[in-house]
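Participant: Starting from these lines, generate the structure:
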Amino acid sequence: MSRLLLNCDIGESYGNWTLGLDAQVMPFIDCANVACGYHAGDPSIMRKTVTLALANDVRIGAHPAYPDLVGFGRRSMACTPQEIQDLLHYQIGALDGICRAQGARVSYVKPHGAMYNDMMANPEQLRAVIQAIAAYDRGLPLMLLAMRDNSAAQALGDEYGVELWFEAFADRAYDCAGRLVSRQLPGAVLHEPSLIVEQALTIARGDSLAASDGSALRLQANTLCVHGDNASSVAAVQRIREALDRQSQP
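Facilitator: I've put the predicted structure just below:
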């Protein structure tokens, strides 16, 4: 990938409950991480989200999670490697079936919430995730956290022949290792749109961020996670899209 792709967690409504401004944010992103029904979403929401993504020429990614609808997939579960693979195959397959019915396919995988955090903290769980993707379709890239040192994750991807897309966040603070600062700590989430846009452009240029301890942190990222939770966040995504487009012009 020659430019920084914008990805967004999307399709997280459920039944009569609406979450996120999917239609408003979709025109400004490159990749839609579609909830697969375990932390959010349902078959009808998945179908509508795929339709919306296709109408905007946006890549469709599976966003699988632990089966934790009540906790929005943000609570860890003690799963074996085989259970992790089963959960991934079930959810990727469900979204892929909906995509195929509309003449499309799932084009990458990004685990959600606690599953994402657990795989970044536990090499054996990351191995299970990569094995699951390789078994389902070795051509599907895995989206995962860009850190100060990506070499261990890259070695696992190379071992199984799975492409890795390293992801950075425009609206989150980082520690010195490149991990996201816990949402429970002050300053973990950036809310001021100008600061979010500034961080996005810093990452896109390959310049260093200031980690939580004040050290310089440089992230090698292929994609940037943005959010469409409310009107303010959608406006920030639009500003990031416009700024990145200007930056890429000769």
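
Participant: which SSE is the closest residue to Ala168 other than its chain neighbours in?
Facilitator: Among residues not flanking Ala168 along the chain, Ala221 sits closest, at 3.8 Å (C-beta to C-beta, 6 or more residues apart in numbering). For glycine as for every other residue, the C-beta is placed from the backbone atoms N, C-alpha and C. Ala221 belongs to no helix or strand when assigned by DSSP states H and E.

Participant: Run through the residues that contact Ala221.
Facilitator: Leu4, Ala146, Phe166, Glu167, Ala168, Ile203 (C-beta atoms under 8 Å, 6 or more residues apart in numbering).

Participant: Redo these as a markdown table? Include secondary structure and neighbour count.
Facilitator: Shown next, in a markdown table, are these (DSSP: H, G, I helix; E, B strand; the rest coil; neighbours: other C-beta atoms under 10 Å):
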| residue | secondary structure | neighbour count |
| --- | --- | --- |
| Leu4 | coil | 22 |
| Ala146 | coil | 23 |
| Phe166 | strand | 19 |
| Glu167 | strand | 22 |
| Ala168 | strand | 25 |
| Ile203 | helix | 21 |
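
Participant: which residue is nearest the middle of the chain?
Facilitator: Centroid-nearest residue in the chain, with C-alpha atoms, centre = their mean: Lys110, separated by 5.1 Å.

Participant: May I have the phi/psi pair for that residue?
Facilitator: When read as degrees, to the nearest 10, the backbone of Lys110 gives phi -140, psi 110.

Participant: For the closest residue to it other than its chain neighbours, name its beta-bridge partners.
Facilitator: Spatial nearest neighbour of Lys110, excluding adjacent residues (C-beta to C-beta, 6+ apart): Met143 at 3.7 Å. On the basis of DSSP bridges, Met143 is bridged to Trp165.

Participant: Could you check how far Met143 is from Ile203?
Facilitator: Look at Met143 and Ile203: by C-beta to C-beta, to the nearest Å, they are 15 Å apart.

Participant: same check, this time on Gln85
Facilitator: For Gln85, the distance to Ile203 (C-beta to C-beta) stands at 32 Å.
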